[in-house]
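*Asks:* the following comprises the amino acid sequence and a computationally predicted model.
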Amino acid sequence: MPLIQWYPGHIAKAERQLKEQLNRVDVIFEVLDARIPLASHHPDVPQWIGDKPRLLVLNRMDMIPESVRQGWLNWFAAQGETVYYTNAKQGKGIKPLKKAAQEAGVQMNQRRRDRGMRPRGVRAVVIGFPNVGKSALINRLLGRKVVASARRAGVTRQLQWIRIADDLELLDAPGIIPAKLDTQEDAVKLAICEDIGEAAYDNQQIGAALVDLLVELNFEKILSSRYQLDPQEMTGEEYIEILGNTRYKGDKERATMQLLNDFRKGIMGQIPLELPPTEQVKS
């Protein structure tokens, strides 16, 4: 598969502006894709924010099973991180998130009072990869649609401050992505989940990679039952080709997009592409 890299000019500009604004911010919402929480984490965020409080938001909670959700909660807790699950599309998990931001504001204002400064509303920023649900989350926090939201990468193009309440102001930032994706396995997962611009990859190669990954994660029965085609004795590329021949008159692109959209929209069911890391077995 060709190297997947995607770093359009508007993201480079947004990253520079975001770094300039971070000194005004009190708390960071980092939004991750619950299907791929490790692949959708920007490795530079901890360095950018220093010791500012960070709330990890795993959005699209409805797209992974409850057992996997609990596993990630435990794994992140072991790393000293608290996770907040949301489904921004349906408005689930929003109240605990807003409360956590306000509590961070209380602590911030106590520090201001200790230094003889007047209290003020908390300033938060929502950051994350493209298309992980940042804008939808802001709209839910506000209770009405104020920022554009769509199921594709690159909708938000510039930073804007939005007042949620008297005690909470949010900075909406475009999706940020590393200038270089070092781990191609992660890049493939981002492409499968549509968390990277479609100009970065070939649909048929990503569709084949999805088939291979589902077999690796023991989800092959979903493919067998849905498409009446068992993927176990073939490669992902062969699966796409046979599916195109048997269902779509040889149209491999149409077969690919059916597969990808069925996964992306949750039609295949609750399928995580990453599981919480377990301890290495000692040899």
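*Replies:* Everything's here; your move. In this text, all values refer to a predicted model and were calculated from it rather than measured experimentally.
*Asks:* go through stretch 161-181 and flag the buried ones.
*Replies:* Residues of stretch 161-181 classed as buried: 162, 164, 168-178, 181 (neighbour count, 16 or more other Cβ atoms under 10 Å). C-beta: built from backbone N, CA, C; applies to glycine.
*Asks:* for those residues, which one is nearest residue 133?
*Replies:* Proximity of the buried residues of stretch 161-181 to residue 133 (Cβ to Cβ) peaks at residue 175, which lies at 10.3 Å.
*Asks:* in whichever strand or helix holds residue 13, what counts as buried?
*Replies:* If you go by DSSP states H and E, residue 13 is part of helix 9-21. Buried residues in helix 9-21, defined by neighbour count with 16+ other Cβ under 10 Å: 11, 14-15, 18.
*Asks:* kindly report the same for stretch 199-206.
*Replies:* Neighbour-count burial for stretch 199-206 flags 200-201, 203-206 (criterion: 16+ other Cβ under 10 Å).
*Asks:* assumed residue 162 was part of a strand.
*Replies:* Yes: under DSSP: H, G, I helix; E, B strand; the rest coil, residue 162 sits within a strand.
*Asks:* that one contacts residue 168, correct?
*Replies:* No: here residue 162 does not reach residue 168: they are 9.7 Å apart, not a contact under Cβ atoms under 8 Å.
*Asks:* give me the most central residue, this protein.
*Replies:* A centroid search over the chain (Cα atoms, centre = their mean) returns residue 33, at 2.6 Å, as the residue closest to the centre.
*Asks:* got the contact list for the residue nearest to residue 25 when sequence neighbours are not counted?
*Replies:* Excluding the flanking residues, the one nearest residue 25 by Cβ to Cβ, 6 or more residues apart in numbering is residue 125, at 4.7 Å. When contacts are counted by Cβ atoms under 8 Å, 6 or more residues apart in numbering, residue 125 touches 18, 21-22, 25, 27-29, 170-171, 173.
*Asks:* narrow those residues to those in strands?
*Replies:* Mapping these onto strands (DSSP state E) picks out 27-29, 170-171.
*Asks:* still on that earlier bit, out of the buried residues of stretch 161-181, the closest to residue 115 would be?
*Replies:* residue 169 (20.6 Å).
*Asks:* circling back: just checking, the residue nearest to the centre of the chain touches residue 57?
*Replies:* No: checked against Cβ under 8 Å, the pair residue 33 and residue 57 is beyond contact range at 10.3 Å.
*Asks:* by contact count, what packs against the longest helix along the chain?
*Replies:* In the chain, assigned by DSSP state H, the helix with the most residues is helix 94-114. When contacts are defined as 3 or more Cβ pairs under 8 Å, 6 or more residues apart in numbering; DSSP states H and E, helix 94-114 sits against strand 27-33, strand 54-59, strand 83-86, strand 122-128, helix 134-142, strand 168-172.
*Asks:* let me see the mean pLDDT of it.
*Replies:* Averaged over helix 94-114, pLDDT sits at 88.
*Asks:* just the pLDDT for the residue nearest to residue 25.
*Replies:* So residue 125 comes in at 90 (pLDDT).
*Asks:* pLDDT and distance to residue 83 added to the buried residues of helix 9-21, as a markdown table?
*Replies:* As requested, the buried residues of helix 9-21 are exported to a markdown table (pLDDT from 0 to 100; distance: Cβ to Cβ, whole Å):
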| residue | pLDDT | distance to residue 83 |
| --- | --- | --- |
| 11 | 81 | 26 |
| 14 | 83 | 25 |
| 15 | 87 | 25 |
| 18 | 87 | 22 |
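*Asks:* rewinding a little: now the residue nearest to the centre of the chain. Nearest residue, chain neighbours left out?
*Replies:* Nearest to residue 33 is residue 40, by Cβ to Cβ, 6+ apart, at 4.2 Å.
*Asks:* cool, residue 61 as well?
*Replies:* residue 85 (4.0 Å).
*Asks:* out of the helices and strands packed on helix 94-114, nearest to residue 263?
*Replies:* Nearest to residue 263, of the helices and strands packed on helix 94-114 and by Cβ to Cβ, is strand 27-33 at 12.5 Å.
*Asks:* what is that closest one packed up against?
*Replies:* Counting contacts by 3+ Cβ pairs under 8 Å, 6+ apart, strand 27-33 packs against helix 45-49, strand 54-59, helix 94-114, strand 122-128, helix 134-142.
*Asks:* parallel or antiparallel, list what pairs with it.
*Replies:* strand 54-59 (parallel), strand 122-128 (parallel) (DSSP bridges).
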